[in-house]
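Peer 1: no sequence on this one, just coordinates:
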């Protein structure tokens, strides 16, 4: 079996103390949240792939800012190891903003496990199944602050 590292780009969008997240469902009743974005296609820049993924998942392009952090996800090292044993992804996460007046909603080509788009209050993030979990520890005074750009292999 050929194995490779998948590259991806994600959007970190915080507004008025809330984080824009994609609501996902593995199986009925098992809901979790992730950042908008996804896999990079051959020939796309990270920003191009982020724009495409945001159109698919939240129905709009985004204003892409500075890089927030880079993370790796090596599935066999984390609690979903049975599902993700051969999955390795390198994610570049960018600070982003929505264009003025845009209300995010699922796009026409969203992921098959996506069941919605939600603003999650940062104050309640600890009570939510959200990935990457490290973001819960980076909330300071209603904002997500990143100090180191490379966070390593995290879930």
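Peer 2: Received the coordinates, thanks. Just so it is clear, the model here is predicted, and its values are computed rather than measured. Residues are numbered from 1 along each chain as shown.
Peer 1: Find the nearest non-adjacent residue to residue 7, please.
Peer 2: Excluding its sequence neighbours, the residue lying closest to residue 7 (Cβ to Cβ, 6 or more residues apart in numbering) is residue 40, at 4.4 Å. Yep, even glycine has a C-beta here, placed from its N, CA and C like the rest.
Peer 1: Run through the residues that contact that neighbour.
Peer 2: Contact partners of residue 40, counting by Cβ atoms under 8 Å, 6 or more residues apart in numbering, are 6, 7, 8, 9, 46, 49.
Peer 1: go with 7 Å
Peer 2: 7, 8, 9, 46, 49 (Cβ atoms under 7 Å, 6 or more residues apart in numbering).
Peer 1: Show me these that map onto helices.
Peer 2: 46, 49 (DSSP state H).
Peer 1: Got a quick PyMOL command for the buried subset of the contacts of residue 40?
Peer 2: Only the buried entries of the contacts of residue 40 go into this PyMOL selection, using 16 or more other Cβ atoms under 10 Å:
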select buried, resi 8+9+46+49
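Peer 1: I'd like the contacts of residue 40 laid out as CSV, including pLDDT and distance to residue 61.
Peer 2: Shown next, in CSV, are the contacts of residue 40 (pLDDT from 0 to 100; distance: Cβ to Cβ, whole Å):
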residue, pLDDT, distance to residue 61
7, 90, 20
8, 93, 17
9, 96, 13
46, 93, 14
49, 95, 12
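Peer 1: Adding distance to residue 145, write the contacts of residue 40 out as a markdown table.
Peer 2: Listed next are the contacts of residue 40 as a markdown table, based on distance: Cβ to Cβ, whole Å:
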| residue | distance to residue 145 |
| --- | --- |
| 7 | 25 |
| 8 | 22 |
| 9 | 20 |
| 46 | 22 |
| 49 | 25 |
